[in-house]
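**Q** quick one: sequence and predicted model below, then my questions.
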Amino acid sequence: MSDETAAEEAFLAVEREVALLFRRGRARAGDMSRRVHPQLEGVAYSMLGFIEESGRVRSTDIGLHFGVGKATISRQIKVLEGLGLVAREVDPLDRRSSLVSLTPDGAARFLRARDGRMARFRALMATWETADVEQFADLLQRFNELTGEPVDA
């Protein structure tokens, strides 16, 4: 097998596995959100995770992170706020903007759902050596860094 053929097969294998990972991730996103609160759907779990990691974050930064517009983020935050999962306050540096943070209940619910997800990861990868898990995390990080950059095709 030529180097070119081997490289093409490797890229096809990566594309196939990444597509499967994304499909499974989308299918589980709603489930993870509903573990936080039964009325949540879609991207809510990821959004809560970003807010939890950030502490207090401007709503515009949430939109930038997820690549969605101001109106979409505003609607999502309004739902989360209505369920008592997040709180908004005026940004002291820009009074036109707001800072969003998890409420104590929102943090507890998110962390409970995340702990369940982490237990699943640990069970799935229980036979892997720590070095393999670390390498997998490094490779995923490198891949994610690449996917954020435009590539001329």
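**A** Yep, that arrived.

**Q** any low-confidence regions in this protein?
**A** The chain contains residues with pLDDT under 70 at 149-153.

**Q** would you point out which residue is most central in it?
**A** Against the mean C-alpha coordinate of the chain, by CA atoms, centre = their mean, the closest residue is S46 at 3.9 Å.

**Q** helix, strand or coil for that residue?
**A** Look at S46: counting by DSSP: H, G, I helix; E, B strand; the rest coil, its state is helix.

**Q** quick one: contacts for the nearest residue to it once chain neighbours are set aside?
**A** In space, and not counting its chain neighbours, S46 is closest to A29: 6.9 Å by CB to CB, 6 or more residues apart in numbering. (C-beta placed from N, C-alpha, C; glycine too.) The contact partners of A29, taken as CB atoms under 8 Å, 6 or more residues apart in numbering, are G42, V43, Y45, S46.

**Q** the second one reaches G67, doesn't it?
**A** No: under the criterion of CB atoms under 8 Å, V43 is not in contact with G67, lying 10.7 Å apart.

**Q** for these two, indicate the residue with more neighbours.
**A** V43 (18 against 7; other CB atoms under 10 Å).

**Q** helix, strand or coil for S97?
**A** S97 ends up strand, using three-state DSSP.

**Q** swap in the one 3 residues further on?
**A** Here V100 is strand, with the state taken from three-state DSSP.

**Q** show me what stretch 45-52 is in contact with.
**A** If you take CB under 8 Å, 6+ apart as the criterion, stretch 45-52 is touched by 29, 32-33, 35-36, 57, 62, 65-66, 76, 80, 85-86, 100-102, 106-107, 110-111, 113-114.

**Q** what does stretch 69-82 give?
**A** 39-40, 43-44, 47-48, 59-60, 62-63, 66, 86-88, 100, 106.

**Q** can I get that stretch in PDB, CA atoms only?
**A** The C-alpha trace of stretch 69-82 is given here as PDB (Å, rounded to 0.1, in the frame of the first residue of the first chain):
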ATOM      1  CA  GLY A  69     -26.500  35.100  17.900                       C
ATOM      2  CA  LYS A  70     -27.600  37.400  20.700                       C
ATOM      3  CA  ALA A  71     -31.300  36.600  20.300                       C
ATOM      4  CA  THR A  72     -30.700  32.900  20.600                       C
ATOM      5  CA  ILE A  73     -28.500  33.200  23.700                       C
ATOM      6  CA  SER A  74     -31.000  35.600  25.300                       C
ATOM      7  CA  ARG A  75     -33.800  33.100  24.800                       C
ATOM      8  CA  GLN A  76     -31.700  30.300  26.200                       C
ATOM      9  CA  ILE A  77     -30.600  32.300  29.200                       C
ATOM     10  CA  LYS A  78     -34.200  33.400  29.900                       C
ATOM     11  CA  VAL A  79     -35.300  29.700  30.000                       C
ATOM     12  CA  LEU A  80     -32.400  28.800  32.300                       C
ATOM     13  CA  GLU A  81     -33.200  31.800  34.500                       C
ATOM     14  CA  GLY A  82     -36.900  31.000  34.600                       C
END
